[in-house]
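J.: here's my sequence, what's the structure:
(4 chains)
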There are 4 protein chains.
Amino acid sequence: MEKRKIKIATIGGGSGYTPELVQGFLDRYDKMPVAELWLVDVPAGEKKLHIIGAMAKRMVAKAGVPMKIVTTMDRRAALKDADFVTTQYRVGQLPARMNDENIPAKYGLIGQETNGAGELMMGLRSIPVLIDIVHEMEELCPNAWLINFANPAGMMAEAVTHYTKWTKIMGLCNGPDNIVRDIANALNVTKDRIYVEFIGLNHLVFAKHIYLDGREVTKHVIDLVTSQQQRVDNPGVGNWNTDFLQSLGVIPISYLQYYWKTRQVLAEEKAAIAGEGSRAVVAERLEQQLFHIYENPKLTTVPPELKKRGGSGYSEASCNLVYSIYADKQDMQTVNVPNNGACLDMAPDAVMELNCVISAHGALPVTTGHMPSSVAGIVQEMKAFEVAACKAAVTGDYGTALKAMTINPLVHSDVDAKKLLDEMLLANKEYLPQFDFSQLEGKTHEEVH
Amino acid sequence: MEKRKIKIATIGGGSGYTPELVQGFLDRYDKMPVAELWLVDVPAGEKKLHIIGAMAKRMVAKAGVPMKIVTTMDRRAALKDADFVTTQYRVGQLPARMNDENIPAKYGLIGQETNGAGELMMGLRSIPVLIDIVHEMEELCPNAWLINFANPAGMMAEAVTHYTKWTKIMGLCNGPDNIVRDIANALNVTKDRIYVEFIGLNHLVFAKHIYLDGREVTKHVIDLVTSQQQRVDNPGVGNWNTDFLQSLGVIPISYLQYYWKTRQVLAEEKAAIAGEGSRAVVAERLEQQLFHIYENPKLTTVPPELKKRGGSGYSEASCNLVYSIYADKQDMQTVNVPNNGACLDMAPDAVMELNCVISAHGALPVTTGHMPSSVAGIVQEMKAFEVAACKAAVTGDYGTALKAMTINPLVHSDVDAKKLLDEMLLANKEYLPQFDFSQLEGKTHEEVH
Amino acid sequence: MEKRKIKIATIGGGSGYTPELVQGFLDRYDKMPVAELWLVDVPAGEKKLHIIGAMAKRMVAKAGVPMKIVTTMDRRAALKDADFVTTQYRVGQLPARMNDENIPAKYGLIGQETNGAGELMMGLRSIPVLIDIVHEMEELCPNAWLINFANPAGMMAEAVTHYTKWTKIMGLCNGPDNIVRDIANALNVTKDRIYVEFIGLNHLVFAKHIYLDGREVTKHVIDLVTSQQQRVDNPGVGNWNTDFLQSLGVIPISYLQYYWKTRQVLAEEKAAIAGEGSRAVVAERLEQQLFHIYENPKLTTVPPELKKRGGSGYSEASCNLVYSIYADKQDMQTVNVPNNGACLDMAPDAVMELNCVISAHGALPVTTGHMPSSVAGIVQEMKAFEVAACKAAVTGDYGTALKAMTINPLVHSDVDAKKLLDEMLLANKEYLPQFDFSQLEGKTHEEVH
Amino acid sequence: MEKRKIKIATIGGGSGYTPELVQGFLDRYDKMPVAELWLVDVPAGEKKLHIIGAMAKRMVAKAGVPMKIVTTMDRRAALKDADFVTTQYRVGQLPARMNDENIPAKYGLIGQETNGAGELMMGLRSIPVLIDIVHEMEELCPNAWLINFANPAGMMAEAVTHYTKWTKIMGLCNGPDNIVRDIANALNVTKDRIYVEFIGLNHLVFAKHIYLDGREVTKHVIDLVTSQQQRVDNPGVGNWNTDFLQSLGVIPISYLQYYWKTRQVLAEEKAAIAGEGSRAVVAERLEQQLFHIYENPKLTTVPPELKKRGGSGYSEASCNLVYSIYADKQDMQTVNVPNNGACLDMAPDAVMELNCVISAHGALPVTTGHMPSSVAGIVQEMKAFEVAACKAAVTGDYGTALKAMTINPLVHSDVDAKKLLDEMLLANKEYLPQFDFSQLEGKTHEEVH
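T.: So this is what the prediction gives:
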């Protein structure tokens, strides 16, 4: 039987990761023919979009398959009759990320794109755009699946779930797969022999039970991995005190170091800013190098330099997810969807990062029972932050934004939160049309600084 | 790589269904080599066990594989180092089933092996045996999986879950698969194109959502199937008023007719008893014919007459389940395991019949959310009955047995329950060592009759 | 400080119970001055309303307090600026109740005003009227409390909770207080020395824990009361097998006999119909005698004959409840309100009959934890019926009404339910404007009979 | 009827607060005759116990009632046949508290007796003693009520609930009553006209709804109180940003400033240590003055200086609680007991600070529904800390103590936690017999500093 042909729209198509995505679709063309791949971006990203579009077309030409690549700034045209919409945009691009990192640092606080004050601002910028996309999808491609990689991925899925009626969304991150990789390496086995039960939120996920060939080896793996060293913002098993982790009983994703190694991470961030620059500065530099490479008209394969950028693995994860939905594969992948009872400690409608069966009609979480209470505590507090942040993003309510900032464990002060929020709102003004700046600007001279 | 060889012990191995099970293991020998299959039975079943053992050996000889068939009455020898234990025994065999059907009928009530007073008595007889098996497994094969088909299958899994520490048990029934078959027939498609989300208890399960190629078709299927006619005790989609079922919104297994067509089913049972005999009588007759066929020393394949016996499909379901555990297949099957949040209306530790991912480390239920409230009502009432029945079976407490009998919706009277219980306990005395009959027998002459 | 004067509107003011209510308000006049008591009824009850109004005025005159009695058929005028609205109406009055009893009896089924097919019909008639009253209250007296005694009281409160935004409602029944009375009598102590923890639904409530002077005496009380005899429809502790009740561990209200003594109650009902008439016939006769007495222009006190009518105690309960709200008394009473966590086995928004602290801002349920599972089963099944019945009453959807009828444990057959529903809908046509009778009447000749 | 005479045992009877407690019992003597009041203390507190005992006897003599005062170091004799046991002890007394404050300060962290590292150490010292008391009560006064004021009061009740079978315990704090007082003052009304719905944990409680004469005034009160200034460790409504608090929607107890004004509180603590000394130093000074006053053989009334000590109001709260249990008063008070469904966001067995009906058979929480999610986050995180701390206290497990320290929001670093824990364990060695110090002491020279 001939395979059903599909159309895919990728929002933020000018991203340096796109060639990897294109390669993923080309690799799977025989079993899932992508007839059209529309790469969408905003005017500020137009130049990068053209470089990526040209690169993609060269890759398709080399592969010799009839996949049509379209680059456009007309999002509606891209969404029209799409089967899948993937989102990988970054509102304000790397300059906004620099603000997310540098302004908190001035107040002695951690700022990071998916943690602390930085996450809040990234959510305030990104969520309304995703809500707009969803409303357009309701009109233009109501049967499509939305696969969101744009950060903060957990909060993005939470917002769509609570502020629209759209249910066909899965939030995706390469973090869980990196943890599986790290565990497999620690055990010195191939990934297919282990099963890792995940539970938690995006960038706040935990490996609760680990099985090797069907036998539980969690305690053993904890012993193996607590001697490792890892960079905090590179998702993986992290670097922890053994007594602490054995008592915790589960393995946190390395991002937990923002919360359970707060002062050490802050010290590292300060050193980085004083040295080679914050993560955004480094990322900006790597991206420039990468696009320079992409401009080479002879290049037809994904260059090895992409690996350095940090998000590698996303495209593989994404293509696998799209294919499993397409083919009703009913295999297990870890995605961000409403809990629905999978975790007994969280509300059924809370979006969580969970092991799911991926089918043509959706991601079905498998049950995981309770989290250890120590884990439940931080997860519940971060979900409370996410909920407040989503509400602030959608409503533009100042008090709600202030509440979100205050209750974030990396801020935890209504006094600091107010100063930080006021300065960061103003720095992001062009990306936050939902907020009323009239009062805030009046205050600038007297109160903000 | 060479496949790991396994040992299987089948309790109730003298059952007429066993040849089908043997055939299933032979068919899968290449991918799952069953080195030893031990068929265990009790002295009362010795003759049948020998017939079945001989038949099995002829089947193996014909297949030409090194599968060792052992028939024995020494259960401990069979369990020793087994990898899988399957249970398909029936305490008291068909004569006990006749009592389960006929005594309630005398009181104008439905008796059936997995419903009403009959189910209670079958549970009282069967549960202590399963608890004993589990205790032996803890000692003799602590890493084995227990696959229980013995009825009442839901109550059996509930009892093991609550009265032992054993967790490696899955309860299995061919009912869900029969419903998938009926729905596929109604839609005139192959089974692999549809996905049926099940929720409920064993013999009290419901198809909540039905997808064809990823699109929900539940309402359409309800329209299709409400014109069908089905025998009540043949698991499948049943026979219902269309307005009722569309309002219910889900498709009950046909066993629900005991509860939602009570007086009609009772009338049919009375007519059957007056005619060809109750179901047990018919089953007894079919079984005798079947064993006569099995005695033929030339027979080396499963005879077509087995289909008539009613439980066909069990062996296929069973072999698939054993294989998925063995191979860590992570495919979806419907089994009876603790809910663990899959159904939001039931306690996490309640055993339910649920769609699960079958892996080497267990059955992982996928979440299904809420049941429609009308369905939740009957499911919760029947779970209450199961819980009381399990407690009565394990403790032998008369008051608890009376409570179980009274609250069963097919009895619903403490006055009738007392008469019925007293007579049925006495009729089952030899199978109920956990009960104290001293007081009951004293009452016989004056009160029971 | 002068007491705040209040206005009370009583819907169904022509009821024979009203004089007791008037007496209750007169007795409390000093601490809660009821300045105006409006008695409202429909044209069909006009004659009775006038008799009651005249009687009430004589009682007030004798008491010598400035309480104004107004009788009216203008409900809006009565509701305008009311502080409390009490409802005690019966749509279709006793003739409708006769149908509720007699039609099911024709099919060999129990019919009763708050159980089985009778309850369903009473709900279908009464709920839309209460919803209308609530909508008028939103406009005319938005700060008033609605105290509903009209049956089926649990379902009525459930319907208001789920189909309006009104939260200031408490459903009231004299059942719990009668149980306290029966237990106090059994212990031979005064009521103030015992505390009874109630849990369940209206007319389906259970005494879970009983304390005498702070010490639990539940088991002892079960022993004491299981030798008693009680009429099934007279709320109280009922009449049960001791072994059954000790295993249950709680004391059901006598109405449970409809479910746990079904065939015995049915036999009694049949005997009653064949003898002195169904309960409605007896009630009708008692009511005629009572109104004959009320017509006596010399009568100024509640006559002893009222006690025979069965609902005595309602007025005392009602006046106590109104007073506790008025005075912010924060004492404990048992009323029907949303569960809100008080019972762990039921949804937070399910209306239950619970011990509550009665304050000026509402009834605050005290927590009771889990029900015994055997009790949870029947309560959950009956709540499922209530939910379906409420939906049918509000929407007029035939399929939903059929579902409600089918899943009711006193019907439990889609075949019987259909016949019964069709006949009862037609018999109640004038009271069911929300249903579409066009198709049903077309069927009458061929199908209904 | 003659009132039942009772015996009370007060553990930590040498506390400077005891005279207020004695006064409370004397004031209520007519309605609750305390025949014997046993004041118990440890040898380290013997001198203070004698001063307090003498003072108490003078107070009783003045009152002229037959209340026997006994001072003893024999706890078992005091517990024997007691009706109420009240606990107000402080293991290690004020010197231990100084360590709790000063050691964290060395690491730049907040230390306080019921927050952060200080709370953990106080729990590790105090919980095993309370568990011992409970075990003695099981033997010596199994019908007594245990009223615990000893801090950390929430954790203490949590530990007894989870690590003993004792259920007759209520944890008590004057915080909620202080909040009611502050709100009444802000509204300029008497306390009896307002109702405050509390929800949360001890020292982490929130006023969720506030009613004045039955009407909700929560938003208005938030506006009123956000202009106030309050000392952080003096329980009350605190001092918050208005936008933040209106968005939060509830009023936190002032202790929340440790979490939501962390850096400001830390700065104040540092200034205090550099100035008049930490809170423990100030308290020590006040206590010495107070005992000097108590030694005056002419003093027979509670001196006004006691108010300065900070815990004033405890004794009034305690006497009210004891009396309501004694008299089965069924009035509402706010105490620490298992949630049991009162708060929908927390496990039923989690101890919370809740509004309860106080009866002779226990404290019955009234339901409060959900917490705002922002509040639920911090409450759940702190409960996770409490659970870990209780486990560490009972088991003496180092890893669990490290986990508790790490996840505490005022520490949030496994690196800092390890240093802090090691130093604080050693400083508390004499009070922590449950821990194994052999390894820790070996490390001292190399690792701890």
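
J.: list the contacts for the closest residue to chain B within the stretch 101-250 of chain A?
T.: Residue nearest to chain B within the stretch 101-250 of chain A: A:Gly214 (2.8 Å; Cβ to the nearest Cβ). For the C-beta atoms, the positions are set from N, CA and C on the backbone; glycine is no exception. Neighbour list for A:Gly214: A:195, B:328, B:359-361 [criterion: Cβ atoms under 8 Å, 6 or more residues apart in numbering or on different chains].

J.: so of those, which ones are in strands?
T.: Those of the contacts of A:Gly214 mapping onto strands are A:195, B:359, per DSSP state E.

J.: what separation do you get for A:Ser324 and B:Ala342?
T.: 21 Å (Cβ to Cβ, to the nearest Å).

J.: more crowded one of these two?
T.: Comparing A:Ser324 with B:Ala342 by other Cβ atoms under 10 Å in any protein chain shown, the one with more neighbours is B:Ala342, at 27 against 21.

J.: list of residues touching stretch A:299-317?
T.: A:16-17, A:19-21, A:23-24, A:55, A:58-59, A:61-62, A:88, A:149, A:172-174, A:177-178, A:233-234, A:283, A:286-287, A:289-290, A:293-294, A:333.

J.: 6 Å instead, please
T.: Around stretch A:299-317, the neighbours that count as contacts under Cβ atoms under 6 Å, 6 or more residues apart in numbering or on different chains are A:17, A:19-21, A:23-24, A:58-59, A:62, A:149, A:172, A:174, A:177, A:286, A:290, A:293.

J.: okay, now the closest residue to A:Asn151 other than its chain neighbours: neighbour count?
T.: Spatial nearest neighbour of A:Asn151, chain neighbours left out: A:Thr114 (5.2 Å); criterion: Cβ to Cβ, 6 or more residues apart in numbering or on different chains. Here the number of neighbours of A:Thr114 (other Cβ under 10 Å) works out to 22.

J.: how many other residues sit next to A:Arg215?
T.: Close neighbours of A:Arg215, defined as other Cβ under 10 Å, add up to 11.

J.: quick one, phi/psi of it?
T.: phi -110, psi 140 (degrees, to the nearest 10).

J.: please list the residues of the stretch 301-449 of chain A that sit near chain D.
T.: A:373-374, A:376-377, A:380-381, A:384, A:387-388, A:399-400, A:402-403, A:406-407, A:412-415 (Cβ under 6 Å from any Cβ of the partner chain).

J.: and A:Gly45, helix, strand or coil?
T.: Here A:Gly45 is recorded as helix under DSSP: H, G, I helix; E, B strand; the rest coil.

J.: okay, A:Ile304 and A:Val337: tell me how far apart.
T.: Rather than Ile, residue A:304 is Pro. Counting by Cβ to Cβ, the gap from A:Pro304 to A:Val337 is 34 Å.

J.: tell me which stretches of the stretch 201-350 of chain A form helices.
T.: Ranges of helices in the stretch 201-350 of chain A, per DSSP state H, counting those that start in this stretch, are A:218-225, A:242-248, A:257-260, A:262-274, A:279-294, A:314-326.

J.: give me whichever of those is most buried.
T.: Highest mean neighbour count of the helices of the stretch 201-350 of chain A: helix A:257-260, a mean of 24 (counted as mean count of other Cβ atoms under 10 Å in any protein chain shown).

J.: how about residues contacting that one?
T.: With Cβ under 6 Å, 6+ apart as the criterion, helix A:257-260 contacts A:115, A:232, A:238, A:265, A:409, D:406, D:412, D:414.

J.: and if you look at stretch A:238-249?
T.: Against stretch A:238-249 from outside (Cβ under 6 Å, 6+ apart): A:222, A:226, A:228-230, A:252, A:254, A:257, A:372, A:374, D:399-400, D:402-403, D:406, D:414.
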